[in-house]
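Trainee: using only what follows, build the 3D model:
(2 chains)
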Amino acid sequence: AQSVTQLGSHVSVSEGALVLLRCNYSSSVPPYLFWYVQYPNQGLQLLLKYTTGATLVKGINGFEAEFKKSETSFHLTKPSAHMSDAAEYFCAVTKGAAGNKLTFGGGTRVLVKP
Amino acid sequence: DSGVTQTPKHLITATGQRVTLRCSPRSGDLSVYWYQQSLDQGLQFLIQYYNGEERAKGNILERFSAQQFPDLHSELNLSSLELGDSALYFCASSVGPMPEKLFFGSGTQLSVL
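Mentor: Now for the predicted structure:
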């Protein structure tokens, strides 16, 4: 079965600083990987996804993530944090094209300090 | 607005009771997924329906059941409720059978007292 580990349940960053959220996965087959964001009192929204092809994936709101097979990682970054980035972020994995179960990590809550 | 509608937004009930949560997917989406979010368990996949048929099953308890109707809306039935069932229940939808891009509703907050 596939699994996802997000390092750090809470991250605090200053406005304008780099945002780095870590995600490591375990999968017996080439995975599809996702990052979702959850704003307060809302459902989750897809930020970006990796399926095949280019390992550096760009998403909405200036976020990007890089798939590194050798490190089984899919870390999420944003060069400059904005107050509106305060939210909870979830990494998720499926078993590639055949995967019909999306497994989420525990989530990382981001606090942005002015 | 994701286009996925969940009702009710809040539900307060007592142990032993039965409740029904309702979800209307985005127009054109054939798949509906149910997730449970709690502080101790995180986001847990419960079940998926695609075009009326059960497609995938996750950590869904036997006390819970779901169905998808011909108009593609879905209902999640929770029975013999326990305190531990208190959680936020999300519905999500996608166009096809694979969860490559899910659109989530705002959830139903269930409190079992």
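Trainee: most centrally placed residue in chain B?
Mentor: For chain B, B:Trp34 is the residue whose C-alpha lies nearest the centre (Cα atoms, centre = their mean; 3.3 Å).
Trainee: that one: which element?
Mentor: strand B:31-38 (DSSP states H and E).
Trainee: who are the packing partners of the following helix or strand past that strand?
Mentor: Of the helices and strands lying after strand B:31-38 in sequence (DSSP H and E), the nearest is strand B:42-50. Contacts defined by 3 or more Cβ pairs under 8 Å, 6 or more residues apart in numbering or on different chains; DSSP states H and E place strand B:42-50 against strand A:103-104, strand B:31-38, strand B:53-57, strand B:64-68, strand B:74-78. Placement of C-beta: from N, CA and C, glycine included.
Trainee: I'd like to check the angle between strand B:42-50 and strand B:74-78, please.
Mentor: Calculated by axes from the mean of the first three to the mean of the last three Cα atoms, to 10 degrees, strand B:42-50 forms an angle of 130 degrees with strand B:74-78.
Trainee: quick check: residues of chain B near chain A?
Mentor: B:2, B:4, B:33, B:35, B:42-43, B:45, B:48, B:55-56, B:58, B:90, B:92, B:97-107 (Cβ under 8 Å from any Cβ of the partner chain).
Trainee: and with 6 Å instead?
Mentor: B:Gly42, B:Leu43, B:Phe45, B:Ala56, B:Phe90, B:Pro99, B:Lys101, B:Phe104, B:Gly105, B:Ser106, B:Gly107 (Cβ under 6 Å from any Cβ of the partner chain).
Trainee: tell me if I'm right that the fourth one and A:Asn100 touch.
Mentor: Yes. Contact criterion Cβ atoms under 6 Å: B:Ala56 and A:Asn100 qualify, at 4.5 Å.
Trainee: is the residue in chain B that chain A sits nearest to in a bridge, and if so with what?
Mentor: At 3.1 Å from chain A, B:Phe104 is the closest residue in chain B, using Cβ to the nearest Cβ. Taking DSSP bridges as the rule, B:Phe104 bridges to B:Ala92.
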